[in-house]
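# Predicted coordinates and the sequence they were generated for:
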Amino acid sequence: MSEAFVTPGEATLSAGQYDDMVRSAHSQTEAFWLQQSRRLTWQTPPSQASRSDFLNDVRIDWYADGFLNASENCLDRHVATHPDKTALIWEGQDDGQREVLSYRALHARVCRLANVLRRLGVKKGDCVAIHLPMVAEGIIAMLACARIGAIHVVLFGGFSAEGLAERLTDSAAVVVLTADVARRGDKRIPSKTTMDDAITRCGGASRVRHVVVVPVTGASVPMQAGRDLRYEDEVAREAEECPAERMNAQDPLFLLYTSGSTGRPKGLVHSTGGYLTWAAFTHAVVFDHKADDIFWCTADTSWITGHTYVVYGPLANGGTIMVYEGLPSWPEPGRWWDVIDRNGVTVFYTSPTVVRAAMREDDTVVRSRSLKSLRILGTVGEPISPEAWHWFHDEVGKGRCAVVDTWWQTETGGVMITAAAGCVVPRPGAASRPLPGVEAVLLDAQGTEITGAGEGLLCMARSWPGQAMSIWQDHERFRQTYFTTCPGYYFTGDGARREEDGYYWITGRVDDVVNVSGHRIGTAEIEDAVATDHEVVESAAVGIPHDLKGQGLVVFVVPREQGVFDPEAVNRAIAAGVGRYAVPEKIYVVRDLPKTRSGKIVRRLLRKIAAHDLEGLGDLSTLADPEIVDELIATVKAQES
Ligand code: WT7
């Protein structure tokens, strides 16, 4: 290990043991994954690991003859050994709001809600939508679903009613849990009324029978008699025990919607046994989990990071999780550093966007906090620049903490490429090395594997337990999206560079997906929303580099009538169709878009023009109208202000 970046104290795994794991996962894969599955408690342990196949119809198959329950793994087995250990520390954004739940207490609350759901007629295999801010009930709701075999679908609080409706319809959710009103700094988000609007928009396609309202602010909200229920009233009626459903390893644990380059959001289906094994394995290995850790993953539970590292990984491993409702710098800068100091957080896992924002504050903010409880720091969602990495290491970690940059995706279920704390020497700016059992490869444009140093499409040659099994109700789309670009491989959508010694550097998406502050935004979704404005002929959304957010969204719009068109209408259409979080940095109103003769929009040019990167625009002769390029450059310049 390099002197500069070692973890303090003994890591659970030595670098040598870690390398042994990499070797045995590679050469004795089946035995290795069976052994890792023993991190969980099974009702019937699996006798086989994987029969996955990336060819033909594509089959993701893990622990197929095993039976278990995810909530038993996250609760009951820890209640049996250490009932009074703290499972969850929650702090609200207002001063003094704090709640500490032991494993026994969390178990009781999960069981009560699980009983409510059963009483409401939720059956194994039904979908339940969870639309809550970062309150304990959000986590309780996920585990309550898992307990009764319901498939949870956590929906982001920033989605518009239309965005929610689309996901409610696709998942056919039968019960929804929502907040009365959510808090976000000074802002109030009307969760319940937005949900009402969403259900109305679903019309006859809605399968929602009940809406359970969690009192987050205590605001009074309209309640529809017979359909809407108060969370406190419902759980009060139920017992603190609830038998857990026996689930097959391949039964879905949850769906999570994510954006791609085409079409509507896809509901990725994660399994119970494979996913939970991956969550437990990666949480333990990447973050060098220790029994007395206080683990704070700052992601919202509506993203995969929140599923795997707020809830399932740390709880499966019997850890203590920190959940904080508020923003990093509200009501004043340094709020999150105070949360760390007040609660003795030992592992802090966040996004590069948060690190960049903190870097912009006066260094006295971070220097006036102790942060001495910290042991490990992590980032996820986008590349972290070496500069931000060093700042994080030096100022937040005070030079004492391991920093893990973790590369992964909604589809992968958990971390795939990283410098596991204490085991792999990190290289600031690099995602570093694939975890044991992750068979990362780089392919060239012809689909041939690149050996040694090189740059290409990042693919996986073999399945791993955390791999999503399918897209909800659309396995063919799953196959098409991930397994046809490079037949025989899982294609991540990212490009990467590899050094001679096997370290990976992620170069970014090679498809039309934009990553704004770690939020994945499909350009097709933006364009569909813009198209609902009848004054628009067509539009193209592209990502440009952004100092704070990593990437910013820019939309080129061709209006029916130049001169009278109001670009604000585009913002409104995006806020209504997708959500406020997707409103672009900039809208350019243009006469036309650069297209090939066959009519395909050349986004590469738009990206360069929007980023004012006019070097090497390449061969323009294939464009239907090459003149449009100079015109666009001039228009962008004129509309810059
Ligand atoms: C995409 C996945 C994984 C949870 C959060 C995002 C980008 C993710 C890194 C990283 C460089 C990263 C990739 C990936 N990404 N982590 N450490 N370095 N890029 O999940 O919404 O599914 O997005 O985020 O482009 O494909 P997601």
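Everything's here; your move.
# For the residue of the stretch 151-300 of the chain found nearest the ligand, what are phi and psi?
Using C-beta to the nearest ligand atom, the single residue of the stretch 151-300 of the chain nearest to the ligand is Thr258, 5.3 Å away. Every C-beta, even on glycine, is put in place using the N, C-alpha and C of the backbone. Taking degrees, to the nearest 10, you get phi -140, psi 160 for the backbone angles of Thr258.
# swap in the one 10 residues further on?
The phi and psi torsions at Leu268 (degrees, to the nearest 10) take the values phi -70, psi 140.
# Measure how buried it is and give me the count.
24 (other C-beta atoms under 10 Å).
# if I look at the residue of the stretch 151-300 of the chain closest to the ligand, how far off is Pro265?
Using C-beta to C-beta, to the nearest Å, one gets 6 Å for the distance from Thr258 to Pro265.
# His152 too?
For His152 relative to Pro265 (C-beta to C-beta), the value is 16 Å.
# okay, those two: which has more neighbours?
Neighbour count, other C-beta under 10 Å: between His152 and Pro265, His152 has more, with 25 against 21.
# what's the distance between the closest residue to that one other than its chain neighbours and Glu525?
Distance criterion C-beta to C-beta, 6 or more residues apart in numbering; nearest residue to His152, sequence neighbours excluded, is Cys145 at 4.0 Å. Cys145 sits 26 Å away from Glu525, going by C-beta to C-beta.
# can you list the residues of the stretch 501-641 of the chain near the ligand?
Within the stretch 501-641 of the chain, the positions near the ligand by C-beta under 6 Å from any ligand atom are 506, 509, 515, 518, 520.
# what about 5 Å?
Residues of the stretch 501-641 of the chain found near the ligand (C-beta under 5 Å from any ligand atom) are 506, 509, 520.
# Also the chain?
So far as C-beta under 5 Å from any ligand atom goes, the chain lies against the ligand at 305, 381-383, 405, 407-410, 494, 506, 509, 520.
# mind checking the longest helix of the protein?
Taking DSSP state H as the criterion, the chain has its longest helix at helix 103-119.
# just to revisit the earlier point, more neighbours: Cys145 and Glu525, which one.
Using other C-beta under 10 Å, the more surrounded residue of Cys145 and Glu525 is Cys145, with 30 against 24.
# can you tell me which helix or strand that one belongs to?
If you go by DSSP states H and E, Cys145 is part of helix 136-148.
# which other helices and strands contact that helix?
The contact analysis (3 or more C-beta pairs under 8 Å, 6 or more residues apart in numbering; DSSP states H and E) places helix 136-148 against helix 70-71, strand 86-91, helix 103-119, strand 127-131, strand 151-154, strand 252-258, strand 320-324.
# now the helices for the stretch 301-450 of the chain?
304-305, 313-316, 335-343, 352-360, 363-367, 386-391 (DSSP state H, counting those that start in this stretch).
# Any chance of JSON lines for those, columns mean pLDDT and mean neighbour count?
JSON lines is the format used below for the helices of the stretch 301-450 of the chain (pLDDT from 0 to 100; neighbours: other C-beta atoms under 10 Å):
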{"stretch": "helix 304-305", "mean pLDDT": "98", "mean neighbour count": "25"}
{"stretch": "helix 313-316", "mean pLDDT": "98", "mean neighbour count": "28"}
{"stretch": "helix 335-343", "mean pLDDT": "98", "mean neighbour count": "18"}
{"stretch": "helix 352-360", "mean pLDDT": "95", "mean neighbour count": "20"}
{"stretch": "helix 363-367", "mean pLDDT": "97", "mean neighbour count": "14"}
{"stretch": "helix 386-391", "mean pLDDT": "96", "mean neighbour count": "17"}
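# For Cys423, list the residues it contacts.
11, 13-15, 17-18, 285, 288 (C-beta atoms under 8 Å, 6 or more residues apart in numbering).
# residue contacts, the residue nearest to it when sequence neighbours are not counted?
Spatial nearest neighbour of Cys423, chain neighbours left out: Tyr18 (3.7 Å); criterion: C-beta to C-beta, 6+ apart. Contact partners of Tyr18, counting by C-beta under 8 Å, 6+ apart, are 285, 420, 423-424, 436.
# Touching the worst-scoring helix or strand of the chain on mean pLDDT from outside, list them.
Every helix and strand of the chain was ranked by mean pLDDT, DSSP states H and E. The lowest is strand 519-522, at a mean of 89. The contact list for strand 519-522 (C-beta under 8 Å, 6+ apart) reads 258-262, 265, 303, 410, 512-515, 541, 553, 578, 581-582.
# Just the ones of those residues in helices?
Checked against DSSP H, the contacts of strand 519-522 include nothing in helices.
# Might one say that Val175 is in contact with Leu120?
Yes: the pair Val175 / Leu120 is scored as a contact, 5.7 Å apart, by C-beta atoms under 8 Å.
# Now the common contact residues for those two.
209-210.
# more crowded one of the two?
Val175 (24 against 16).
# Next up, the contacts around whatever residue of the stretch 351-500 of the chain ends up closest to the ligand.
Per C-beta to the nearest ligand atom, Thr410 is where the stretch 351-500 of the chain lies closest to the ligand, at 3.4 Å. By C-beta under 8 Å, 6+ apart, the residues touching Thr410 are 256, 258, 268, 303-304, 468, 520.
# helix/strand/coil for the residue nearest to Cys423?
helix (DSSP: H, G, I helix; E, B strand; the rest coil).
# rewinding a little: let's have the residues of the chain next to the ligand in JSON lines, adding distance to Val564.
As requested, the residues of the chain next to the ligand are exported to JSON lines (distance: C-beta to C-beta, whole Å):
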{"residue": "Thr305", "distance to Val564": "44"}
{"residue": "Gly381", "distance to Val564": "40"}
{"residue": "Glu382", "distance to Val564": "38"}
{"residue": "Pro383", "distance to Val564": "42"}
{"residue": "Asp405", "distance to Val564": "48"}
{"residue": "Trp407", "distance to Val564": "46"}
{"residue": "Trp408", "distance to Val564": "46"}
{"residue": "Gln409", "distance to Val564": "43"}
{"residue": "Thr410", "distance to Val564": "41"}
{"residue": "Asp494", "distance to Val564": "41"}
{"residue": "Ile506", "distance to Val564": "44"}
{"residue": "Arg509", "distance to Val564": "36"}
{"residue": "Arg520", "distance to Val564": "34"}
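# Mind checking which of those are in strands?
If you go by DSSP state E, the residues of the chain next to the ligand have 405, 494, 506, 509, 520 in strands.
# so where's the chain shaky on pLDDT?
1-9, 641 (pLDDT under 70).
# Break it down into its domains, please.
15-69+255-507, 70-245, 512-640 (automatic domain parsing).
# Please verify my assumption that Glu137 contacts Asp180.
No: Glu137 is not in contact with Asp180 according to C-beta under 8 Å; the separation is 11.6 Å.
# list the residues that contact both of these two?
Val214.
# coming back round to it: so which elements touch the longest helix of the chain?
Using 3+ C-beta pairs under 8 Å, 6+ apart: helix 103-119 touches helix 77-81, strand 86-91, helix 136-148, helix 231-236.
# if you set the cut-off to 10 Å instead, what comes out?
helix 70-71, helix 77-81, strand 86-91, strand 98-102, helix 136-148, strand 175-179, strand 210-214, helix 231-236 (3 or more C-beta pairs under 10 Å, 6 or more residues apart in numbering; DSSP states H and E).
# By neighbour count, which of the contacts of Thr410 wins?
Most surrounded of the contacts of Thr410: other C-beta under 10 Å gives Ala468, at 28 neighbours.
# quick one, what contacts it?
Residues counted as contacts of Ala468 (C-beta atoms under 10 Å, 6 or more residues apart in numbering) are 60, 252, 255-256, 258, 266-271, 274-275, 304, 409-413, 478, 482, 490.
# Disregarding residues adjacent in the polypeptide, which is nearest to it?
Leu268 (4.2 Å).
# How about the contacts made by the one you found?
252, 254-258, 304, 409-413, 467-472, 478 are the contacts of Leu268 under C-beta under 10 Å, 6+ apart.
# residues touching Ala529, list them.
160, 162-163, 539, 541, 555, 570, 572-579, 582.
# same thing but 6 Å
573-574, 577-578 (C-beta atoms under 6 Å, 6 or more residues apart in numbering).
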